[in-house]
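**Student:** Predicted model follows, preceded by the sequence.
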Amino acid sequence: TFDFNNLSFGKNISAYEKYLVVGCPVSEDAPSDIKTGKAEILLHNQSGSTESGGFSVLKELYCPFTQNGISQEISSDGNDILTDQLGNLLVHDNYTINDMFGSSVDITRLDCVVGSPQSHIRGSNEIHAHGHVFVYNKDKGGIDNWGLINILEGEPGSEFGFASSLHRDYLLVGSPGHDN
């Protein structure tokens with residue numbers, strides 16, 4: 001079947017040395033039952049020549065509140081961050097709303113962030129989505145594993161995670177719907 005997630009492949013990108021992270025949020029009008037985006041971390045394949053070695057997918061990231069994201073993170077999470085912190089809040093059915101996971105991405109030597117400005121923990125429509133930013137660490141769960149280390153949540157309707165940027169020890173997050 002055709003993967004409608006690929007219609008937005010490269011909507012947002014960030015690179016650091018040999019790593020590239022690509023955001024792939026699902027378009028609002030995509031004719032697909034899948035309403036969650038993804039992000040891909042790619043590794044530049046070093047070759048001995050002066051020619052480019054190309055890129056290969058190192059890891060696909062999915063919103064941890066979805067079935068794909070839950071199974072991916074639980075399988076590589078030695079600290080049980082999702083089950084300990086979120087408990088029974090996680091969705092048990094199919095994810096039904098467009099979370100815009102992958103709307104913003106950034107990567108540094110050790111960390112990667114992915115914004116999801118329309119996400120809900122329960123994965124169902126509420127009055128206003130909270131929005132989230134998911135923080136991954138390069139060696140969490142193994143070398144080049146890029147495991148989840150933190151989840152930041154915004155206020156309802158704030159579109160938290162619309163933009164994100166890592167700079168040294170700082171994480172900057174855009175939240176254009178936040179009302180002062």
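**Tutor:** Good, I have the coordinates.

**Student:** Okay, now the unreliable bits of this protein?
**Tutor:** Counting by pLDDT under 70, the chain contains low-confidence residues at 1-7, 27-35, 47-53, 67-97, 122-127, 180.

**Student:** 90 - rerun?
**Tutor:** Flagging of the chain using pLDDT under 90 yields the residue ranges 1-11, 24-38, 45-54, 62-100, 118-130, 141, 156-157, 177-180.

**Student:** hey, where'd the strands end up in it?
**Tutor:** Remark: strands of the chain, listed N- to C-terminal, are 12-16, 19-24, 38-44, 55-62, 104-107, 111-116, 132-137, 147-153, 163-167, 170-174; assignment by DSSP state E.

**Student:** In CSV: these, plus mean neighbour count and distance to N98.
**Tutor:** C-betas here are computed from N, CA, C, even on glycine. Below are these laid out as CSV (neighbours: other Cβ atoms under 10 Å; distance: least, Cβ to Cβ, whole Å):
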stretch, mean neighbour count, distance to N98
strand 12-16, 17, 16
strand 19-24, 23, 13
strand 38-44, 21, 13
strand 55-62, 17, 14
strand 104-107, 25, 15
strand 111-116, 28, 10
strand 132-137, 22, 14
strand 147-153, 17, 18
strand 163-167, 18, 18
strand 170-174, 15, 18
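
**Student:** Would you mind measuring from the closest residue to L152 other than its chain neighbours to Q46?
**Tutor:** What sits nearest to L152 in space, not counting adjacent residues and going by Cβ to Cβ, 6 or more residues apart in numbering, is V133, at 4.5 Å. Applying Cβ to Cβ, to the nearest Å, one obtains 30 Å for the distance of V133 from Q46.

**Student:** And S119, by the same measure?
**Tutor:** Relative to Q46, S119 is positioned 35 Å away (Cβ to Cβ).

**Student:** measure D144 to T108 for me?
**Tutor:** Going from D144 to T108 by Cβ to Cβ gives 14 Å.

**Student:** who's more crowded, the two?
**Tutor:** Shown here are D144 and T108; by other Cβ atoms under 10 Å, T108 has more neighbours (16 against 12).

**Student:** what's near enough to touch that one?
**Tutor:** For T108, the contact set (Cβ atoms under 8 Å, 6 or more residues apart in numbering) comprises 16, 166.

**Student:** again with K11
**Tutor:** Neighbour list for K11: 23-25, 102-103 [criterion: Cβ under 8 Å, 6+ apart].

**Student:** again, only this time at 7 Å
**Tutor:** 23-25 (Cβ atoms under 7 Å, 6 or more residues apart in numbering).

**Student:** Equivalent analysis for L166, please.
**Tutor:** L166 touches 106, 108, 111, 113, counting by Cβ under 7 Å, 6+ apart.
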